[in-house]
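Enquirer: Quick check, what structure comes out for this input:
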Amino acid sequence: MAVSRKFMTEGEQVVLSVRTHVKALILPAAVLIVTCAAAGFLYAVAPDGDTGRYLRIAILVVAALVILLLVVLPFIRWLTSTYTVTNRRLIAQTGILTRSGRVIPLQRINDVSFEKNLTDRVLGCGTLIVHDASEQGGLTLPDVPRVEEVHRTISDLVFNQQDGSDDDGTVLGSGRPPGR
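Expert: Residues are numbered from 1 along each chain as shown. Okay, here's the model as predicted:
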C-alpha cells in the first residue's frame with residue numbers, strides 16, 4: 001500500500017514501499033491456533049442441557065473476543081503500517097482509524113544505518129535507523145524486510161540529492177559558486 005497519489009507532489013515517484021516484516025504476525029497466528037483448539041475442546045466437553053448451552057455460548061464469545069483483540073487487530077495494524085521511499089522523501093505511516101506518520105525529506109537525512117540480530121538475519125529483516133537534521137531526532141523503523149536493500153536505496157537517493165554545494169550554492173571547500 002503505497003502513498004496515495006493525492007499526497008505526492010508533481011514529479012514525485014514511489015521508489016520503494018514496504019510493510020513491516022511478516023514476523024509480526026507469528027504470535028497472532030499462534031494465538032489463533034491455540035484459541036481455536038482450546039475453544040473447540042471446551043465446546044466439545046461442555047455438558048448437555050441449559051447449563052451446557054450457556055457455557056458453549058460463553059466459550060464462543062470469549063474465543064471471538066480473544067481472536068478479535070489478539071489476532072485481527074494486530075493483522076490490521078500490520079496491514080495499515082507502511083514505509084515508503086519516494087524520489088524526494090521517506091514516509092512512515094501507521095494507524096487503523098487515526099492515521100499518523102512522519103515524513104523526512106531526503107535532503108534532510110544525514111545518516112542511514114541498520115541493525116540485524118540473529119533472528120532478523122535468519123528471517124531477512126532488520127531495523128533501519130534514519131538520522132535527520134531536525135529537532136525530533138532520528139526515525140527508527142523496526143522489522144523492515146530486506147533492510148540492506150532499503151538501506152542501499154535510501155543511501156543512493158540521499159547521495160544523488162547532494163551535489164556537494166552548501167546552502168548558499170557555494171561548492172564546499174572551494175569558496176566559489178558551482179560551475180566556476
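
Enquirer: Check whether residue 130 really touches residue 151, as I assumed.
Expert: No: judged on Cβ atoms under 8 Å, residue 130 makes no contact with residue 151 at a distance of 9.5 Å. For glycine as for every other residue, the C-beta is placed from the backbone atoms N, C-alpha and C.

Enquirer: Those two: who's more crowded?
Expert: Counted by other Cβ atoms under 10 Å, residue 130 and residue 151 do not tie: residue 130 has more neighbours, with 22 against 18.

Enquirer: can you pull the contacts of the more buried one?
Expert: By Cβ atoms under 8 Å, 6 or more residues apart in numbering, the contact list for residue 130 reads 90, 104, 109, 111, 112, 138, 139, 140, 141, 154.

Enquirer: That one belongs to a helix, doesn't it?
Expert: No: using DSSP: H, G, I helix; E, B strand; the rest coil, the assignment for residue 130 is strand, not a helix.

Enquirer: Tell me the most packed of the contacts of residue 130, by neighbour count.
Expert: Greatest neighbour count in the contacts of residue 130, by other Cβ under 10 Å, goes to residue 90: 27 neighbours.

Enquirer: Distance of the nearest residue to that residue once chain neighbours are set aside relative to residue 96?
Expert: Closest residue to residue 90 apart from its sequence neighbours, by Cβ to Cβ, 6 or more residues apart in numbering: residue 104 at 4.7 Å. Residue 104 is 23 Å from residue 96, where distance means Cβ to Cβ, to the nearest Å.

Enquirer: where exactly do the helices run in the chain?
Expert: In the chain, the helices defined using DSSP state H lie at 26-45, 50-67, 73-80, 118-123, 147-161.

Enquirer: for those helices, which one sits closest to residue 100?
Expert: helix 73-80 (10.7 Å; Cβ to Cβ).

Enquirer: Thanks a lot, see you next time.
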